[in-house]
Structure formats: structure tokens, C-alpha cells
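In: Sequence first, then the predicted structure:
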Amino acid sequence: MILNSYNQNSNEALDSLQKLLSYYQSIDSNGVTVSNTLLLLENETKGANPYLCLSYGQLAIRIAEKRGDKNSVAGHCNVVGGVFFSQKQYYSAMQYYFKGYKTMVETGKEDSTGYYLIDIGNCFFADNNNKIPIKYFRKSATIFIKVKNDYGAAVALNNIGLVKNRLGEQDSALYYFNLALSFRQRLNDSFLIAHSYRYFGDTYLKMQEYDKAYYYLNLARNIILKTEKNNYDKKRFFSEIYQSIALLNEVQQKYEKAIANYQLAIHADTLFLNDKFAISVIMQKIAHCYLLTKQYDLALSFAQQALKQIESSSSLNEIRNCDYLLVQIYSKLNNEQKEDEYLTLFMQTTDSLINQQSDGKFTGLRISVETFQKEKELAIQHILLEKTKAEIKNRELQRNILIAGFILVILFIIALYIAYRNKYKTNKILLDKNIQISQQKEELEVTASFKQQFLANMSHEIRTPMTGIVGMIDFLEKTNLDEKQKEYIEILRNSSEVLLMIINDILDLSKIEAGKMELRPIVFSTKALIRKIQLLFSSLVEKKELQLKFQLANNLPDFIEADEMRLMEVITNLISNAVKFTEKGTITVKLEIASAEVNNIKVKIEIADTGIGISKTDQAFLFNVFTQLNAAPTLKKGSGLGLSICRKLVELMGGEINVESDGKNGSSFWFTLLAKAINTNIINEKMSKEKIEHTNISNLSVLLVEDKMINQKVLEMMFQQFGCKTTIASNGLIALAQIEKTKFDLIFMDIQMPVMDGITAVKELRKQHQSLPPIIALSANVLEGFNEQYIAEGMDDCLAKPVKLEDIEKTINKWCPPIV
């Protein structure tokens, strides 16, 4: 009933399309509508009536060539080639695929050429050539990876895996299937992922790992059942997956299950596709199963139905297979007349197949006539041998099975069952573990994403008000101050820098964990570094009545090249811990050269205190993440991240870190780092050149687009330091209006603002004006990639908040060069 309904609907659709074709041909025989209608007719007939489909396709190609429509020519070549391929006429199929490929090369559509290369490779593969297809599949994979076509890359890699599987290189096949699966997972298409799992199942079946084979085949089937797609590919997949499961059942000699799954495959194909060739192949497999189970009448019925499906087609190979199957069945039924009849048909079909292959052979790859003749002779000999064996077997009396032999067989079966059960349990445990690990990995990725977003938001919220703090420190520093006030200002500046350093460290925490942090070495003064640290901790050690001493070795260079901020972070972290756990006494910081080679030196820094000490047990875990001292009587707890970060930073700087303590009388932390010694003369020469330069900036017109009032005031004061005239806009919309009526030399644009943000504003400006002054982004987003994104969106440069006076000066000098 279902099949009749399908055929009725299909015929109605075909009649309608044929009427449309006649109508459009009467208007314009070479028009686009005729070509499109022919394409619909091709798709409607390619399964049910391939010869009619070929006539429509070839007509469509001629029309498209007259019209000069290369895309249509290639499209119709693909359909016609596909029909020839389905009929196993691979030489004809390849001719059309090559034509489509050359047409796409002429159009320059590299993506499309990759699919034609796959089709050409499939023709060689289907013709049992195992070497040439890989060349085409590799070339297509290279094209798809280059143009970032994940779908095409997966298809090409899967096809390489299929060739490897046929060659018996199953491990290599699994490798390519895994590569293809990674591309399909990026597409997040459950249908394609299920398709890959089916390849895994078929490969494990060939490797005789039946548990894994069933797992992946069943997984593929379950995924497809849940997909919402209802297209041709999904319908075809239903038939193919049931055939794979049935083959697994057949290999395991579970013939009843095999027959049931083959029938499900027929049902799926008949219900959705009505592909007579595919139905015939499945019916042959069912007949073979019935033959093995000695149900000869049922075997005969399905074999006859299989032959009926394709007897009017040109698929001589499958017709020959049906003839051979019927010879075997009639031999078992002792019907010599029918057996001889189909044996004759088998021989005739074999001869026809040889002639067909000779006419349609591939250049340089034809299969010789002698091979087919030998195949025919061997097949005939095999049939005669089977017939002789059957006659002998019918005449022989069944022998009595010895009891001892029977017991041995039973014991052997039991041993096999136990081994199979143990292997099944082991594989199930491994699969469960793999699924659990996969779920945990997904959860960790989601958590990492949330953490990264949280850190970015926190950094933005802290950096925005820091502009006001850092800016006011710059202005206070330029007022008339006595020595004590200057010291206070320097402490404030160092503290603000440390605060920014901590913010950056929080953002860099994920980089440290991923091993992606990079050093930023600069030339700096070792004495200036010590001075900064001394000022930073002066008030804290005075409050606890401690002494903070610094000892610099005589051979320590005045200037070295290393990452000053990371070095200062490690030292301040260790001194902070020393102050925290020392109630009285002295904290001593020593800097010395551990080793030297030309200009490359290894610096050793030691921080020793007279505090409570650290036990041997705690020392073993001290540098692990989230480790805190259990025996600290002060009960001063931290986050537990500091020493772990210190260790990773020191290792990044090419050194090592450790601690020495007897657990009672203080502790001594030391670490080393690699640095370059810098010649003092070079530094002096550089400083002299810098002193010669003099900036003379005046009368520049600056537009400041910033929504925070404090930042507006501080930045305006900074611009006034250089004689700039500043206009303020509190959002991007106001800025657009200001630029319409006033000419500016520079625009400083905040990113996050109400009404209209900075990115939207700069895009509008680029649309409305051909010529604009430099636009500098002011952003509190300092995560990697943001600056490049802003410049790509239309900004000329970026300044990170908090903005310093020297940053403003450098930016003005860069974009509005001063008079020297």
C-alpha cells in the first residue's frame, strides 16, 4: 500500500513537471526556466527511471552550453554522472564528472572543483582501483582545507579511509575517519557525525571487533532517529545502516536478525527512495541468508524478486550475481533443469559483462579480458565442484559423533563464550570511561568560557575608574611638593602600578594554566627596581616594626634586560608573604649573579625572614595551586594562588624556585632567572638622545568621546598639559554631531558608552566621511585580540585604560608629529 501510494504521487509529480517543460519550451526553448524544470525532472526520475533522467540531463547540458551558463553545465553534468555511476557505468560517469570539473576550473570556483575530484576518485574506487583514487581524494582534501570547507574536507578524508579499509589497512583507515570526524564535529551536524560513526562500525566489523562495530553502528542509528532532517541523504542512510547491522549479524551467524535488518533496509529504501538497484542487492543478501539456513524456498523467492528488480537494467554485474545465486539454490533443490538454465544465463551474462567492460574501460586502467575469462572459468568450476560435493554428501551416511569429541567441542564453545564475555565487559567499561571523559571535557570548556568572560568584565570595571586615579597621580606629581609629599606620591604611583599588575595577573591566570603566557623583556635599572619595592613596603614594615634590608652583589650589572613586571611580581609576592608571617625581626632581599656567560647571566634573588618557618611537610606542597599553610599560628590566609603563580612565572623566565626552612627559625625563598647584562654606556647614550628631543605641541583640536565624568575631567586636564583644545562628547551619537560642525586634529573614542558605543560610532563616521582625523580607541578591554578587533572595525590606534600622561604624549607625537 505504501509503495503504491509512493508511485502514484511520484507519477503525478512527473506528469506535472513534464507539462511545465512543454509549456516553457513553447515560450523559450533555451530559457532559464526550461533548464530549471529539467533539473527538477532529473531529480524526480534519477531513482525510478534512470534512462529518462539521462535524456533530460543531456538535453539540459546542451541548452546550458548554448546559453553559455557554465554553472548550469556543471550542475547537470553532476546529475548525469551520478546516474551513470548508480548504474555502474563508471567510464561514462567519469566523462561527465571530468567535464563538470573542467567547467568549474574555468569559472575559478575552487570549492566546487573539490567535489568533482571526489566524484572522479569514487569512479576509480568503484571500479576496484585502489591506488589512483587516493590521489584525487588527497587533492580535494587540500582544496577544502585551504578554503576552510569543513564539510568537503570531511568527505575527502572519509573516502581516503574507505580506500585504506579496502586495502586491509584498518588502523590507517580509522586515522582518516577520526580526522574527518573532527571536521564534522566542528559543523555540529548530527547527521554527518552519525555517518562517521557508521564508518567506524564498518571498519571494526572488518577487524572482527564485533562489540565495537555494534556500538558505533547502533550509536549512528540512534543519532539519525533523533535528527529532524528528512532529506534524500537521511533516507539513504537508514537503508545503509540497517544493511551494515545486518552484515554484522550475518558474520556472527545470527541469520534471523540479519534477515530482519535486511528487510528493514528494503522497507526504508522502498518507502523513501524506490531505488530498484539497491533493493535488488539487499534481496540477494536475504536470499543468501535463507540459503545458509537451508530455507531454500524462501531463498528462491527473494532471489527471483532480486532479479526482477534489475532484469530490465544495464547492470550486468548484479544480473550475473542473481544468476549465480539461483544456480546455487536450484542445486540445493535438486532441480537440474533450472540449475543448467541459470548456469547458461550466468555464462552468457559473464561474456556480455566482459564485452561491456572492454567498450567502457578506463584509459590505462582497463581490466583485461583474460581476467574475466579466468573468473568465468573459476566460477563454473566452483559451481560444478559444489554440485559434485552435494551429490557425494547426499549419498554419504552421517557418521556417529564420538562422545569425547562432543565434549571437546562443548568445552571449546564455553571457553569462547567466557573470553567473549570478558572482552565485552572490558570494552563496555572503556566506552563508559570515554563517554565520561568527553562529558567532563565539555563541562571544563564551558567553565573556562564563563571564567574568561568574568575576568574580562571585572578587568573592564576596575580599569575604567583607574584612569582617574592614575591621571590625578600624574598631575599631583607636577605640583610643588616637599620631599615627604613626593615620597607619598611615589608610593601611590607604585601601588597603582602593583594594582594594575595584579589585575593583569588575574587576566593572565588562564594563560599561565594553558602555557600561553609570553614574556615582555625590557631594559631596566636593578637599583630603580629595588627602590620601587622599598617604597612600596616602607609603610607596611614600619607599621609592624620590621626591618627590610637589600643586599646587591658588587658584580650585579646596573642595567639588565628581562621582564621587569614579572620579576617585580615574584619579588613583591615573596616579600608580602614574609611580612605576613614575620612578627618581629628582619626581612633581607639579596641579589647576586649565580652564573654568567658573555652577556647572558643567571640572577639569583633570595628573600629571607625571621618568621615562623615552614615545616618539611608543608614545603612539599607549598608551590601547588590553592595550597595554604596549615600550621600558621597567625591564621592569615590568602587565596593559595600566589606561590603557584610565582613558580610558573619563574619557570617561564628560565629559572627555578625553592624554599629552605627548618620549620622553626624563619624561611628563605630563592629563585633564579635568565637575563642579559646591558652596557651602561649604551644606556647613557640613549638617555642623552632622549634629553635632546623636545615636544612642542600646541593648538591641537581634540574631540574626547567618554561617558564617565571623572575620566572626562582627568583626560581633559591631560590634554591641557599639551596646549590642546578639548571638546567633550558623552556618547557616540553626540560625537557624530560634533564632527559635522567642527574640524578636529585627533579623536579619542571610548568603546563602551550608552546610546551609541564607540564601535558603532566609528563605523558611521567611516560611512559618512571620506577623510577623518586619527581615531584612537580608549578601552578597558585588554584581553588578547581586542586591539586587533578594534582596528579592524575602523579605529586607527588603541590606548588601554588607565591612561597615563606619557601615553597621551606618545599618541599625540605619533599621529600629530611635533615641531622639534
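Out: Happy to help now that I have it. What you see is a predicted model, and the numbers here were worked out from it, not measured in a lab.
In: Might you list the low-confidence residue ranges for the stretch 501-650 of the chain?
Out: Flagging of the stretch 501-650 of the chain using pLDDT under 70 yields the residue ranges 501-516, 625-641.
In: in it, which spans are strands?
Out: Assigned by DSSP state E, counting those that start in this stretch, the stretch 501-650 of the chain shows strands spanning 522-525, 547-552, 559-562, 586-597, 600-609.
In: These: which one's closest to residue 412?
Out: strand 600-609 (69.5 Å; C-beta to C-beta). (Glycine included, C-beta is placed from N, CA and C.)
In: Show me the domain layout of the protein.
Out: With domains defined by automatic domain parsing, the chain comprises 519-689, 694-815.
In: Redo those domains as JSON lines? Include mean neighbour count and distance to residue 75.
Out: Listed next are the domains of the chain as JSON lines, based on neighbours: other C-beta atoms under 10 Å; distance: least, C-beta to C-beta, whole Å:
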{"stretch": "domain 519-689", "mean neighbour count": "16", "distance to residue 75": "55"}
{"stretch": "domain 694-815", "mean neighbour count": "18", "distance to residue 75": "36"}
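In: mind checking which of those is nearest residue 309?
Out: domain 694-815 (59.5 Å).
In: Distance from the chain centre to the closest one, please.
Out: Put simply, domain 694-815 sits 38 Å off its chain's centre (C-alpha atoms, centre = their mean, to the nearest Å).
In: Could you do stretch 396-407 as well?
Out: 61 Å.
In: now swap in stretch 115-128 and tell me
Out: Offset of stretch 115-128 from its chain centre (C-alpha atoms, centre = their mean): 27 Å.
In: before we move on, back to that, mind putting the domains of the chain into JSON lines with distance to residue 67?
Out: Below are the domains of the chain laid out as JSON lines (distance: least, C-beta to C-beta, whole Å):
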{"stretch": "domain 519-689", "distance to residue 67": "62"}
{"stretch": "domain 694-815", "distance to residue 67": "39"}
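In: Identify whichever of those lies nearest to residue 416.
Out: Of all the domains of the chain, domain 519-689 sits nearest to residue 416, with 50.1 Å by C-beta to C-beta.
In: picking up where we left off before, among the domains of the chain, which comes closest to residue 276?
Out: With C-beta to C-beta as the criterion, residue 276 lies closest to domain 694-815 of those, at 55.9 Å.
In: Can you say which of the domains of the chain is nearest to residue 286?
Out: domain 694-815 (59.1 Å).
In: Rounded mean pLDDT for the closest one, please.
Out: Averaged across domain 694-815, pLDDT comes to 89.
In: picking that back up, using JSON lines, lay out the strands of the stretch 501-650 of the chain together with distance to residue 813.
Out: As requested, the strands of the stretch 501-650 of the chain are exported to JSON lines (distance: least, C-beta to C-beta, whole Å):
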{"stretch": "strand 522-525", "distance to residue 813": "20"}
{"stretch": "strand 547-552", "distance to residue 813": "36"}
{"stretch": "strand 559-562", "distance to residue 813": "25"}
{"stretch": "strand 586-597", "distance to residue 813": "35"}
{"stretch": "strand 600-609", "distance to residue 813": "34"}
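In: First-to-last residue distance for stretch 63-74?
Out: Stretch 63-74 has an end-to-end distance of 12 Å (criterion: C-alpha to C-alpha, to the nearest Å).
In: Could you give me the buried positions within it?
Out: Neighbour counts over stretch 63-74 (16 or more other C-beta atoms under 10 Å) mark 63, 64, 69, 70, 72, 73, 74 as buried.
In: And stretch 137-153, by the same measure?
Out: Those would be 137, 138, 139, 140, 141, 143, 144, 145, 149, 150, 152, 153, for stretch 137-153 by 16+ other C-beta under 10 Å.
In: Can you flag which of these belong to helices?
Out: Those of the buried residues of stretch 137-153 mapping onto helices are 137, 138, 139, 140, 141, 143, 144, 145, 150, 152, 153, per DSSP state H.
In: For the second one, which non-adjacent residue is spatially closest?
Out: When the adjacent residues along the chain are set aside, residue 138 lies closest to residue 160, with 6.8 Å between them (C-beta to C-beta, 6 or more residues apart in numbering).
In: What ranges does the stretch 701-820 of the chain have for its strands?
Out: Using DSSP E, counting those that start in this stretch, strands in the stretch 701-820 of the chain cover 701-705, 725-729, 746-750, 775-779, 797-800.
In: can those strands go into a markdown table with extra columns for distance to residue 565?
Out: Output for the strands of the stretch 701-820 of the chain, formatted as a markdown table (distance: least, C-beta to C-beta, whole Å):
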| stretch | distance to residue 565 |
| --- | --- |
| strand 701-705 | 29 |
| strand 725-729 | 31 |
| strand 746-750 | 25 |
| strand 775-779 | 20 |
| strand 797-800 | 14 |
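In: Low-confidence regions, the stretch 251-400 of the chain specifically.
Out: In the stretch 251-400 of the chain, residues with pLDDT under 70: 269-274, 312-314, 356-390.
In: all helices for it, in order.
Out: Assignment of helices within the stretch 251-400 of the chain using DSSP state H, counting those that start in this stretch yields the ranges 255-272, 276-292, 296-310, 316-332, 336-359, 369-395.
In: would you list these in TSV and tack on distance to residue 670?
Out: Below are the helices of the stretch 251-400 of the chain laid out as TSV (distance: least, C-beta to C-beta, whole Å):
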stretch	distance to residue 670
helix 255-272	71
helix 276-292	75
helix 296-310	83
helix 316-332	80
helix 336-359	81
helix 369-395	79
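In: out of those helices, which comes closest to residue 168?
Out: Closest to residue 168 of the helices of the stretch 251-400 of the chain is helix 369-395 (C-beta to C-beta; 20.7 Å).
In: measure residue 203 to residue 157 for me?
Out: To residue 157, residue 203 is 14 Å away according to C-beta to C-beta, to the nearest Å.
In: actually residue 519, not the one I wrote
Out: Per C-beta to C-beta, residue 519 is found 39 Å from residue 157.
In: Also residue 560?
Out: When residue 560 is compared with residue 157 (using C-beta to C-beta), they lie 51 Å apart.
In: cool, and residue 316?
Out: Applying C-beta to C-beta, the value for residue 316 to residue 157 is 33 Å.
In: cool, residue 139 as well?
Out: In this view, residue 139 and residue 157 are 12 Å apart by C-beta to C-beta.
In: what does residue 423 give?
Out: Taken as C-beta to C-beta, the span from residue 423 to residue 157 is 30 Å.
In: These two: which has the busier surroundings?
Out: The residue with more neighbours, out of residue 423 and residue 157, is residue 157; 26 against 13, by other C-beta atoms under 10 Å.
In: Let me see the contact set for the more buried one.
Out: Going by C-beta atoms under 8 Å, 6 or more residues apart in numbering, residue 157 touches 137, 141, 176, 177, 179, 180, 183.
In: same deal with residue 305?
Out: Residue 305 makes contact with residue 283, according to C-beta under 8 Å, 6+ apart.
In: and if you look at the one 4 residues further on?
Out: Shown here is residue 309, whose contacts under the criterion C-beta under 8 Å, 6+ apart are 276, 277, 279, 280, 283.
In: can I have stretch 562-577 written out in CSV, keeping just the CAs?
Out: Output of stretch 562-577 as CSV, limited to C-alpha atoms (Å, rounded to 0.1, in the frame of the first residue of the first chain):
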residue,chain,number,x,y,z
ALA,A,562,64.3,40.9,31.5
ASP,A,563,60.6,41.1,32.1
GLU,A,564,60.6,43.7,34.9
MET,A,565,56.9,43.5,35.7
ARG,A,566,57.0,39.7,36.1
LEU,A,567,60.2,39.9,38.2
MET,A,568,58.7,42.6,40.4
GLU,A,569,55.5,40.4,40.8
VAL,A,570,57.5,37.5,42.1
ILE,A,571,59.6,39.6,44.5
THR,A,572,56.6,41.5,45.9
ASN,A,573,54.7,38.3,46.3
LEU,A,574,57.5,36.7,48.3
ILE,A,575,58.1,39.8,50.4
SER,A,576,54.4,40.1,51.1
ASN,A,577,54.4,36.5,52.4
